[in-house]
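**Q** quick one, fold the following:
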Amino acid sequence: MVDLSIVIVSWNVSGLLRRCLNSIGCPEAPGVRDRSGGLGLGADGTDLTTEIIVVDNGSCDGSVEMVRKHFADVILIANEENLGFSAATNQGIGVAHGRHVLVLNPDTEVTGDALGTLVAFADAHSDVAMAAPQLLNPDGTIQSSRRRFPTLLTALLESTWLEPCVPPGMLKRYYVLDRPDDVIQDVDWVTGAAMLVRREAIDDVGLLDEGFFMYSEELDWCRRLREKGWRVVYVPTAQIVHYAGKSSEQVVGARHIYFQTSKVRYFKKHHSQLTGEALRWFLLANYVWQIGLEGTKWLVGHKRPLRARRIAAYHQVLASGLRS
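**A** Purely as a prediction, here's the structure:
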């Protein structure tokens, strides 16, 4: 068994994927990489043994060919269609041999000894199921990645046009902005760009719920881990740069649908069917309002191409009914 399996799910971000693979010490040359080094040290001071697994979700930008040509040592799973983030991640975990699995987005760059730091921390704390690094924006500023579990009020207001009406301090608490960024700390959940998960914890609670095509799958996973008594820990001594949303920004309408549908699914699963349905209808009403607002701006001639794109995306949301 290797120390660390790195699972990267990719969709149409060939250039970013290539940079990500380079950042984790994967050379652009055919042949088998020396898996005994290059990614840092474990808790006992020895080099980490690693494997890298790329699951391509039906890319049409040459990603599969790029990996095959330049990274022959990578274990590649090439799906013919986009199965969703959760299902593809589970594919990668299914062939992984690591004591720990790092779920890593392709739009990331690992800095310094981030991976060795995460593995060493997990090895030193047997009750930690998930260790997550501090995420950085490309300009070096800290990217929000820690969260408390959402309340229904959070779900109704966060990431909607009503967000400016949020009570003072509510989102600050939700985003854990009431704690320092540079301190190792237990959290409810972390965003899924980079998550190191202990194999024993995966065996205990199961894989990602494939009912979440994308978004909220890490929230659900962390909740299941926490309910089983495992810890989820933010480890800012490990840092990874994250170029957020480079896959999902290619399909704006679908992004809205997946984000909100997953939110509804989470509340149905962990609260009640009634709560989830109430949230679904509220969100649909929100998009009706947004169409009216964008339509008014279009009529007065304000940035008409932008308004037209948004109206088309919001109509896709309404057509979906936000049903899983």
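
**Q** this structure: strands as residue ranges?
**A** 4-10, 50-57, 75-79, 100-104, 108-110, 128-136, 142-143, 146-147, 185-186, 189-190, 194-198, 231-242 (DSSP state E).

**Q** tell me how this structure divides into domains.
**A** 4-248, 251-320 (automatic domain parsing).

**Q** which residue ranges of the stretch 151-300 of the chain form helices?
**A** 152-157, 170-174, 199-205, 217-227, 252-270, 273-299 (DSSP state H, counting those that start in this stretch).

**Q** CSV for those helices, including mean pLDDT, mean neighbour count and distance to N12?
**A** Glycine gets a C-beta too; all of them are placed from N, C-alpha and C. CSV is the format used below for the helices of the stretch 151-300 of the chain (pLDDT from 0 to 100; neighbours: other Cβ atoms under 10 Å; distance: least, Cβ to Cβ, whole Å):
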stretch, mean pLDDT, mean neighbour count, distance to N12
helix 152-157, 90, 17, 29
helix 170-174, 92, 15, 31
helix 199-205, 98, 16, 28
helix 217-227, 98, 21, 19
helix 252-270, 94, 21, 13
helix 273-299, 96, 16, 26
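
**Q** what about the residue nearest to Q143 when sequence neighbours are not counted, how many residues close to it?
**A** Residue nearest to Q143 in three dimensions, not counting chain neighbours: L135, with 4.1 Å by Cβ to Cβ, 6 or more residues apart in numbering. L135 has 23 neighbouring residues, counting by other Cβ atoms under 10 Å.

**Q** can you read off the pLDDT for G15?
**A** Among the per-residue scores, G15 shows a pLDDT of 95.

**Q** need the contact list for the closest residue to G84 other than its chain neighbours.
**A** Distance criterion Cβ to Cβ, 6+ apart; nearest residue to G84, sequence neighbours excluded, is F213 at 3.8 Å. By Cβ atoms under 8 Å, 6 or more residues apart in numbering, the contact list for F213 reads 84-86, 258, 261-262.

**Q** and what of G229?
**A** D127.

**Q** what does it show for phi and psi?
**A** With angles defined as degrees, to the nearest 10, G229 sits at phi 90, psi 0.

**Q** show the pLDDT at it.
**A** 98.

**Q** now it: how far from P180?
**A** 26 Å (Cβ to Cβ, to the nearest Å).

**Q** got it, and L293?
**A** In terms of Cβ to Cβ, L293 sits 38 Å off from P180.

**Q** and what of T141?
**A** For T141, the distance to P180 - Cβ to Cβ - is 15 Å.

**Q** same question, R223
**A** To P180, R223 is 24 Å away according to Cβ to Cβ.

**Q** show me what contacts the residue lying closest to T111 once chain neighbours are set aside?
**A** Nearest residue to T111, sequence neighbours excluded (Cβ to Cβ, 6+ apart): Q239, at 5.1 Å. Counting by Cβ under 8 Å, 6+ apart, Q239 makes contact with 111-112, 114, 133-136.

**Q** which strand residues bridge Q239?
**A** Q134 (DSSP bridges).

**Q** re earlier: closest one to I24 among the helices of the stretch 151-300 of the chain?
**A** Smallest distance to I24 across the helices of the stretch 151-300 of the chain (Cβ to Cβ): 19.1 Å, for helix 199-205.

**Q** which residues touch the closest one?
**A** Counting by Cβ under 8 Å, 6+ apart, 93, 98-101, 129-130, 221, 224-225, 228, 230 sit against helix 199-205.

**Q** show me the contacts for E109.
**A** E109 neighbours (Cβ under 8 Å, 6+ apart): 19-20, 23, 240-241, 243.

**Q** would you mind measuring from the residue positioned nearest the centre of the chain to H97?
**A** Centroid-nearest residue in the chain, with Cα atoms, centre = their mean: G192, separated by 2.7 Å. G192 is 22 Å from H97, where distance means Cβ to Cβ.

**Q** do G25 as well
**A** 18 Å.

**Q** one more: A238?
**A** Using Cβ to Cβ, A238 is found at 22 Å from H97.
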